[in-house]
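S.K.: Provided below are the primary sequence and the corresponding predicted coordinates.
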Amino acid sequence: MEENKKTNRKLTTASGRPYAEHENTQSVGRRGPLLLQDFILHEKMAHFNRERIPERVVHAKGTGAYGTFKVTHDITQYTKAKIFSKIGNTCKVFLRFSTVGGEKGSADSERDPRGFAVKFYTEDGNWDLVGNNTPVFFIKDPKKFSDFIHTQKREPRTNLKSPTMMWDFWSLNPESLHQVLILMSDRGTPFSYRHMDGFSSHTYSMIDKDNQRVWVKFHFKTQQGIKNFTGPEADQMRAKDMDHSQRDLVDAIDRGDFPKWSLKIQVMTEQQSKNFRWNPFDLTKVWPHGDYPLIDVGVLELNQVPRNYFAHVEQSAFAPSNQIDGIGFSPDKMLQGRILSYADAHRHRLGVNYEQIPVNKCPFMVNNYHRDGQMRVDDNGNEDPNYYPNSFGDVIPDPAYKEPAWELESNIADWYDRNAAPGDDDHYTQPGDLYRKALSPEDRTHLVNNIVAAMSGITGPRKEQIINLQLCHFFRADIQLGMSVAKGLGVDLDKAMPKQHS
Ligand code: NDP
């Protein structure tokens, strides 16, 4: 607005014609009716009707900022990615934070995982790490994703959030227990986006200059320190400021207090992966730090709030398929599913040419034979050949970028039970470790209070069954945890548990 006034720019139609009247529609006489020929009225109303694009089906409420990533440690022994070729290398980044289950207007302080999606604009192409503030997830097979998310959204009849749906699903899917405990701890209600860690969550791979592959997990550790709301504090903030996390990020950057995260990796060799106690590609498990220590890599700093929210944040599109030379996929089934679904979601939401939107556009080389499609806004390849192979152009594949072949563990295709792989059926050891080892006594009390508050919302004819089944999972992780939750819910264990086994 200030700029407009200063430069006194002329108001124009979308086609660039300056015009005189922006507030009054052309009419017959002072009282009307209106003339159809006032096309500026049509243009204004029609554009307004089309302002909303589909909100993301998950992670709809979010905020983002630009910044820089700087390499501080040498990891060339693991990867040939150019960004990591030298200490001191930097690249521009865009980071979008979000909540997961709520709509675009929902409160930032809801109990929910937080999205942590980073786009690194590297000379190898854009590299996206699309993770959460938690190292694990609720499910390990993407076929369950839509079912799971339905339980986090609104109940079909009442259009209300339903603790019954959530706990029904969790109780019937014990693999969710690890993430449920993290969600129900105070890390489920972070004070703000600046005060939480980020994780790739998935296992990825790194490939070195000799084409040797290791498995890798990425961790972003907040330099602001972990800070969470307790359950009651989060409820208060929801009533006071629905946009608290967004405001906190914008205010911090605007006052020059740039938030930073240390990027670290865990590395596992292919050989180690064969002897790991759990399936290293199971998204419901972590790699214990004691066995796979964090290795320093670099520092990410956010230092610029985009000048327009819709243009940059709402239209930002991250995809786990965006990996770069020297960093690759793993057999993690959830990752494999997301490789497909993220780009698909963007094509639906933003159109087939979404990678041309400035926030998504690779600032370095992009050459291919994709042509046309809605909202093609670049030169569409000009007069260059639009097919390959051809005898005229110079856009050719480079065999130097070939990834090393994968040795697969089996050649038998089947619908394997999701708990069938060795180490896949232990849903309780790591949640128990979290409860006993990572949480302080105060954290445990808050965890139990939060679980009891959340489970108290279960209603309906299956209430007892759902509560008892979920209690079994808590007991199997840790007896004290099970006892505390049962006590908080007022469950008579003598009555409840025998029923469970009958
Ligand atoms: P360590 O004892 O080496 O470290 C504990 C980890 O737990 C730290 O990363 C800590 O994060 C994190 N933590 C503390 N409180 C919570 C919470 N409420 N929710 C989630 N994470 C929390 O752990 P191990 O590697 O031996 O693993 C023990 C348990 O810790 C695991 O079963 C897992 O549940 C949890 N954990 C493990 C991670 C891993 O990658 N190994 C990562 C995160 C959690 P911080 O350093 O920021 O305080």
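M.R.: That came in fine, so what should we check first?
S.K.: Up against the ligand, what does the stretch 251-400 of the chain have?
M.R.: When proximity is defined as C-beta under 6 Å from any ligand atom, the stretch 251-400 of the chain approaches the ligand at Val286, Trp287, Pro288, His289, Gly290. Every residue, glycine included, has its C-beta placed from N, CA and C.
S.K.: repeat that with 5 Å
M.R.: Applying C-beta under 5 Å from any ligand atom, we find that the stretch 251-400 of the chain lies next to the ligand at Val286, Pro288, His289.
S.K.: Could you pull up the residues touching Leu439?
M.R.: The neighbours of Leu439, taking C-beta atoms under 8 Å, 6 or more residues apart in numbering as the test, are Ser185, Leu447.
S.K.: how far away is it from Asn368?
M.R.: As judged by C-beta to C-beta, to the nearest Å, Leu439 and Asn368 stand 49 Å apart.
S.K.: Need the pLDDT of Leu408.
M.R.: We have a pLDDT of 86 for Leu408.
S.K.: count of neighbours near it?
M.R.: Neighbour count of Leu408, defined by other C-beta atoms under 10 Å: 7.
S.K.: What would stretch 17-36 look like as PDB? C-alpha coordinates only.
M.R.: Once non-C-alpha atoms are left out, stretch 17-36 reads as follows in PDB (Å, rounded to 0.1, in the frame of the first residue of the first chain):
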ATOM      1  CA  ARG A  17      -6.200  -1.100 -19.100                       C
ATOM      2  CA  PRO A  18      -6.200   1.900 -16.700                       C
ATOM      3  CA  TYR A  19      -9.700   2.700 -15.500                       C
ATOM      4  CA  ALA A  20     -11.500   5.400 -13.600                       C
ATOM      5  CA  GLU A  21     -14.200   3.900 -11.300                       C
ATOM      6  CA  HIS A  22     -13.500   1.100  -8.800                       C
ATOM      7  CA  GLU A  23     -16.300   1.500  -6.300                       C
ATOM      8  CA  ASN A  24     -19.500   2.400  -8.200                       C
ATOM      9  CA  THR A  25     -21.100   0.100 -10.900                       C
ATOM     10  CA  GLN A  26     -22.400   1.600 -14.100                       C
ATOM     11  CA  SER A  27     -26.200   1.800 -13.700                       C
ATOM     12  CA  VAL A  28     -29.300   3.200 -15.400                       C
ATOM     13  CA  GLY A  29     -30.200   6.100 -13.200                       C
ATOM     14  CA  ARG A  30     -29.000   6.600  -9.700                       C
ATOM     15  CA  ARG A  31     -31.000   3.700  -8.300                       C
ATOM     16  CA  GLY A  32     -30.100   1.100 -11.000                       C
ATOM     17  CA  PRO A  33     -30.500  -1.500 -12.500                       C
ATOM     18  CA  LEU A  34     -26.900  -2.300 -13.400                       C
ATOM     19  CA  LEU A  35     -25.500  -2.400 -16.900                       C
ATOM     20  CA  LEU A  36     -24.100  -5.800 -18.000                       C
END
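S.K.: how does the chain divide into domains?
M.R.: Under automatic domain parsing, the residue ranges defining each domain of the chain are 62-149+188-355, 429-501.
S.K.: got the residues of the stretch 101-250 of the chain near the ligand?
M.R.: Pro135, Ile182, Ser185, Arg187.
S.K.: Return the nearest residue of the stretch 1-150 of the chain with respect to the ligand.
M.R.: When scored by C-beta to the nearest ligand atom, the stretch 1-150 of the chain has Pro135 as its residue closest to the ligand, at 4.0 Å.
S.K.: Next secondary structure after the host helix or strand of Asn126?
M.R.: Using DSSP states H and E, Asn126 sits within strand 125-132. Next helix or strand after strand 125-132 toward the C-terminus (DSSP H and E): helix 145-152.
S.K.: What segments of the stretch 201-350 of the chain are strands?
M.R.: Here the stretch 201-350 of the chain has its strands, by DSSP state E, counting those that start in this stretch, at 204-207, 213-222, 260-269, 295-304, 327-328.
S.K.: export these to TSV and tack on mean pLDDT and mean neighbour count?
M.R.: Compiled in TSV, the strands of the stretch 201-350 of the chain are given as follows (pLDDT from 0 to 100; neighbours: other C-beta atoms under 10 Å):
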stretch	mean pLDDT	mean neighbour count
strand 204-207	98	20
strand 213-222	98	21
strand 260-269	98	20
strand 295-304	98	19
strand 327-328	98	21
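S.K.: wait, which of those strands is closest to Gln246?
M.R.: Gln246 lies closest, by C-beta to C-beta, to one member of these: strand 295-304, at 13.0 Å.
S.K.: Run through who's touching that closest one.
M.R.: Residues outside strand 295-304 that contact it (C-beta under 8 Å, 6+ apart): 65-73, 75, 84, 93, 95, 118, 220, 223, 249, 253, 258-267.
S.K.: tilt between it and strand 213-222?
M.R.: Relative orientation of strand 295-304 versus strand 213-222 (axes from the mean of the first three to the mean of the last three C-alpha atoms, to 10 degrees): 50 degrees.
S.K.: now whatever residue of the stretch 51-200 of the chain ends up closest to the ligand, nearest residue through space, not along the chain?
M.R.: Closest contact between the stretch 51-200 of the chain and the ligand, by C-beta to the nearest ligand atom, is at Ser185 (3.5 Å). In this structure, Ser185 finds its nearest non-sequential neighbour in Leu447, 4.7 Å apart by C-beta to C-beta, 6 or more residues apart in numbering.
S.K.: Correct me if wrong: the one you found contacts Tyr435.
M.R.: Yes - here Leu447 lies in contact with Tyr435, judged by C-beta atoms under 8 Å, at a distance of 7.4 Å.
S.K.: Please say which of these two ends up with more neighbours.
M.R.: Shown here are Leu447 and Tyr435; by other C-beta under 10 Å, Leu447 has more neighbours (25 against 20).
S.K.: what secondary structure does that one sit in?
M.R.: Per DSSP: H, G, I helix; E, B strand; the rest coil, the secondary structure class of Leu447 is helix.
S.K.: Tell me the one of the residues of the stretch 251-400 of the chain next to the ligand nearest Arg52?
M.R.: The closest of those, once distances to Arg52 are taken by C-beta to C-beta, is Val286, at 38.7 Å.
S.K.: how about the nearest residue to the closest one, chain neighbours excluded?
M.R.: In this structure, Val286 finds its nearest non-sequential neighbour in Pro135, 4.8 Å apart by C-beta to C-beta, 6+ apart.
S.K.: Now do the same contact list for that neighbour.
M.R.: Contact analysis of Pro135 by C-beta under 8 Å, 6+ apart lists Phe199, Ser201, Lys217, His219, Val286.
S.K.: which stretches of the stretch 151-300 of the chain form helices?
M.R.: Assigned helices in the stretch 151-300 of the chain, in chain order: 163-172, 177-184, 231-240, 244-254, 270-275 (criterion: DSSP state H, counting those that start in this stretch).
S.K.: winner for burial among those?
M.R.: With neighbours defined as mean count of other C-beta atoms under 10 Å, those peak in mean count at helix 177-184, which reaches a mean of 24.
S.K.: what packs against that one?
M.R.: Here helix 177-184 touches helix 429-433, helix 441-455, helix 463-477, going by 3 or more C-beta pairs under 8 Å, 6 or more residues apart in numbering; DSSP states H and E.
S.K.: One more pass at 6 Å, please.
M.R.: For helix 177-184, the packing partners by 3 or more C-beta pairs under 6 Å, 6 or more residues apart in numbering; DSSP states H and E come out as helix 429-433, helix 441-455.
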